[in-house]
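> What would the 3D arrangement of this be:
(chains A and B)
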Amino acid sequence: MNFLRLVLFGYLALTVVYICVSLYSRSVRREKLEDRWTEAHPGSGDMVARKAYVEQGMAQYHSSLRKRLILLVYVVPTVVVGVIMYMIN
Amino acid sequence: MRNLRRAVRITLFLILGLWLHYVLPGQDVARITGTEIIRTDFTSVNRIFYAQADAGASELETRDLRLINTQRKRTYLFGLIRGGEQTMVYRNEDTGWIYPPYFKFDSSDLQAEAQDAQSTAANPEWVVITHYGWRIRWLTVFPNAVSIRPVDGPDYRPIPWFNIGFFVFLIVAGLFVRAMWRQFRERTLEPIGERVDDRIDRTSATIAERRGRVRRWLDSWKSKR
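Model prediction:
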């Protein structure tokens, strides 16, 4: 029973962390794409092309390994708990 | 106001520090002199300093408590300075799946190890006892022994690898949260603020304009001199 409680609340907390980290990662990626566009087209006011460029970059991000690495948020604590259990007992 | 904020911050920092001091593992060089089991009736005051019944057992109001009696090396300043010998009694309880997260289920095995490592002052056998918690004598509170390992002699100095790693992790996590918060403020909060400011400006301009119109209409009723 205590085990189920730990699993439930533990993964609930980790889900909050996962959501925060993935939002952060997406935001950083978008900012980087916008900066890169501004650098490549200085003084350009073509918002449509800029938006297309950013959206394409974000689509690439969504299928990237980097996005999947955020799943480590779940894996690492589980492994750490396993290691602690092995070391202590 | 600033003093109040500072006081609140210091208090929170102290509570966090004390809590970490309670929960993080410490390592004592000690000589086990005996083990025993006593029946314990908890009070509401000292109950929070104890774990619960063995992982597979059910929780009742009163139960037996395993104790490990030792003579340990006294330490000051988080183990930096060593002193003479001191009597210390550890409890030996399962933390199970509950707080603090040591996931200790092997209290009985640990008790057997402790009994095996018993020695006398004439022929001492030194061990390192990893533990967490405090000894508070006037509340009958004991630190919880987590593991025992033999060492060469009383001058052995354990290095707190876990705590070093934990604080490095804490600092990295803190910096990461700060970076996340800054990104959130820059990319989400500030644009919203600008939009709100913009709207307030426009609304107040509209109100001023309307009022001007009403004023002009009222003025038109006044006699012109």
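> biggest helix in chain B, by residue count?
Secondary structure of chain B read by DSSP state H shows that its longest helix is helix B:190-221.
> and chain B, which residues reach chain A?
With the criterion set to Cβ under 8 Å from any Cβ of the partner chain, chain B comes near chain A through B:96-98, B:101-106, B:109, B:146-147, B:179-180, B:183-184, B:187-188. In short, each C-beta sits where N, CA and C put it, glycine included.
> Could you export stretch B:129-138 as CSV, CA atoms only?
The C-alpha trace of stretch B:129-138 is given here as CSV (Å, rounded to 0.1, in the frame of the first residue of the first chain):
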residue,chain,number,x,y,z
ILE,B,129,27.7,3.3,11.4
THR,B,130,25.9,5.1,8.7
HIS,B,131,22.8,6.8,10.2
TYR,B,132,20.4,9.7,10.0
GLY,B,133,18.6,11.5,12.7
TRP,B,134,19.4,13.0,16.1
ARG,B,135,19.8,11.8,19.7
ILE,B,136,17.5,13.9,21.8
ARG,B,137,17.7,12.5,25.3
TRP,B,138,14.8,14.4,26.9
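> List of residues touching that stretch?
B:22-28, B:30, B:46, B:49, B:68, B:70, B:72, B:88-91, B:100, B:102, B:141-149 (Cβ atoms under 8 Å, 6 or more residues apart in numbering or on different chains).
> what does stretch A:9-19 give?
Stretch A:9-19 is touched from outside by A:Ile70, A:Leu71, A:Val73, A:Tyr74, A:Pro77, with contacts defined as Cβ under 8 Å, 6+ apart.
> and the longest helix of chain B, how far from the chain's centre?
In terms of Cα atoms, centre = their mean, to the nearest Å, the centre of helix B:190-221 is set 54 Å apart from its chain centre.
> Spatially central residue in chain A, please.
Nearest to the geometric centre of chain A sits A:Ser22, at 2.7 Å (Cα atoms, centre = their mean).
> Please compute how far the helix or strand hosting that residue lies from its chain's middle.
A:Ser22 belongs to helix A:2-40 when assigned by DSSP states H and E. How far helix A:2-40 lies from its chain's middle: 4 Å, per Cα atoms, centre = their mean.
> and if you look at stretch A:27-44?
Here stretch A:27-44 is found 20 Å from its chain centre; the criterion is Cα atoms, centre = their mean.
> Do that stretch and chain B come into contact?
Yes: contact of stretch A:27-44 with chain B (Cβ under 8 Å from any Cβ) involves A:Ser27, A:Val28, A:Arg30, A:Glu31.
> buried stuff in that stretch?
A:Ser27, A:Arg29, A:Arg30, A:Leu33, A:Glu34, A:Trp37 (16 or more other Cβ atoms under 10 Å in any protein chain shown).
> now swap in stretch B:42-59 and tell me
Buried, per 16+ other Cβ under 10 Å, within stretch B:42-59: B:Phe49, B:Tyr50, B:Ala51, B:Gln52, B:Asp54, B:Ala55.
> repeat for stretch B:141-151
In stretch B:141-151, counting by 16+ other Cβ under 10 Å, buried: B:Val141, B:Phe142, B:Pro143, B:Asn144, B:Ala145, B:Val146, B:Ser147, B:Ile148, B:Val151.
> same deal with stretch B:85-96?
Buried-residue list, stretch B:85-96, by 16+ other Cβ under 10 Å: B:Met88, B:Val89, B:Tyr90, B:Arg91, B:Asn92, B:Glu93, B:Asp94, B:Thr95, B:Gly96.
> Quick one: mean pLDDT for it?
Averaged over stretch B:85-96, pLDDT sits at 93.
> And the contacts of that stretch?
A:2, B:28, B:30, B:50-55, B:65-74, B:101-107, B:110-111, B:114, B:129, B:131, B:133, B:135, B:142-145.
> among the residues you listed, which are in strands?
B:28, B:30, B:65-74, B:129, B:131, B:144-145 (DSSP state E).
> And chain B, what are its domain boundaries?
Per automatic domain parsing, the domain ranges recorded for chain B read B:26-159, B:160-225.
> Just name the most buried of those.
By mean neighbour count, with neighbours taken as mean count of other Cβ atoms under 10 Å in any protein chain shown, domain B:26-159 ranks first of those at a mean of 16.
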